[in-house]
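K.L.:
Generate coordinates for the sequence data below:
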Amino acid sequence: MGRKTKSKSIVNSSDQQLTSQLIDDSDWIYPQLANQSIRSLIVTLIIIYYFIYLGNYSLIVSLVSNSVKLISGRGSCSIVIPSSWSKLFHPPVNCSKCETIKEIIEVTNITSEQFESRFAYSMEPLIIRGAIKSNWKALDVFSLKFFQQLYLSTINSDHNQYRCQFFPYSTSYKSLIQALQSIPDQVNYNQSTPWYIGWSNCDPRITSILRQFYHKPQFLPINSEDSRLDWIFMGTPGYGAPMHIDNVGYPSWQAQIKGTKKWILEPPLDCYLNCKRFEVTINPGDIIVLDTNKWFHGTQIVGDELSITIGSEYD
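P.N.:
Residues are numbered from 1 along each chain as shown. Purely as a prediction, here's the structure:
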């Protein structure tokens, strides 16, 4: 079974932008409004409200400036926004898929048949506790130093040579190579400057090495095809990913290798009044399965250890 893996996109990403004709995407919101300027203004106000919720004030300033120009006749009906904002203007979500979810199910063992029948392609999150404690060498091998040695010895030291996606989040790093070259391998992370980064691994040389230390989770559907694209997230206590939604095309799993991470799940905007918000803590050896295309999610590293997670998509 063939598959095409989409690049990961998050709503707060500042490095992936395009010019989007918002008024063309908002016909389903207010079709009775014929005046394009008014319609564009309404859409802008919706976005401003949403980014106040996310705490992204720099983008709000840009939106307000554009709206003023639009009203005065000096602006255009298109504005520069992150590509993944298209998620804000999709047709309404079927909220019945999350209305019945009252808690996040946690199990210690599950068969591929049980997983496929209820969790694999639904909107229901799942936690498998201790899923990888006995058969993944990654639990003992993966560390900051491991990734520094692996990437810096495999990839050209010129950070522009590594073309896979990199998420600096709140750090100032411009690339994965720069981050791995700059981050000190400190023992006490509570006394160092906090940081959190994430990246995809699209280099087949590194993939062949990484897959020696972990493998496709046994509970995934038998006929599903696991992506060859690894997603790795690493950081120190107190940091994590801000609330966002992905655009990767498939559900995904993420294994906690080191440290402890708290996940905060928010329902789609359409279902905010109908569906519950959840928080769950993932410990070393646990796996979380989540359709990150449907759930807004944020993370926070808790405890006093470096957090390392690795995951992938499945179809």
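K.L.:
Which residue, other than its chain neighbours, is closest to residue 238?
P.N.:
residue 194 (4.8 Å; Cβ to Cβ, 6 or more residues apart in numbering). All C-beta atoms are positioned from the backbone trio N, CA, C, and that covers glycine.
K.L.:
ok, the one you found touching residue 237?
P.N.:
Yes. Assessed by Cβ atoms under 8 Å, residue 194 is found in contact with residue 237 at 7.0 Å.
K.L.:
neighbour count winner among the two?
P.N.:
Applying other Cβ atoms under 10 Å to residue 194 and residue 237 shows that residue 237 carries more neighbours, namely 21 against 15.
K.L.:
And for the nearest residue to that one once chain neighbours are set aside, the neighbour number?
P.N.:
Among residues not flanking residue 237 along the chain, residue 301 sits closest, at 5.0 Å (Cβ to Cβ, 6+ apart). Residue 301 has 25 neighbouring residues, counting by other Cβ under 10 Å.
K.L.:
and residue 301, bridged to which residues?
P.N.:
Taking DSSP bridges, one obtains residue 261 as the residues bridged to residue 301.
K.L.:
Can you show me the helices along the stretch 101-250 of the chain?
P.N.:
Counting by DSSP state H, counting those that start in this stretch, one finds helices in the stretch 101-250 of the chain at the ranges 112-118, 138-141, 144-154, 176-182, 204-210.
K.L.:
Check the ones you listed for me and report the most buried one.
P.N.:
Comparing the helices of the stretch 101-250 of the chain by mean neighbour count (mean count of other Cβ atoms under 10 Å), helix 176-182 comes out on top with a mean of 19.
K.L.:
May I have the beta-bridge partners of the residue nearest to residue 131 when sequence neighbours are not counted?
P.N.:
Excluding its sequence neighbours, the residue lying closest to residue 131 (Cβ to Cβ, 6+ apart) is residue 287, at 4.4 Å. Beta-bridge partners recorded for residue 287 (DSSP bridges): residue 128, residue 255.
K.L.:
Does residue 287 touch residue 130 like I think?
P.N.:
No. Using Cβ under 8 Å, residue 287 makes no contact with residue 130, being 9.2 Å away.
K.L.:
the more surrounded of these two?
P.N.:
Just comparing residue 287 and residue 130: by other Cβ under 10 Å the higher neighbour count belongs to residue 287, 20 against 14.
K.L.:
residues near residue 214, how many?
P.N.:
21.
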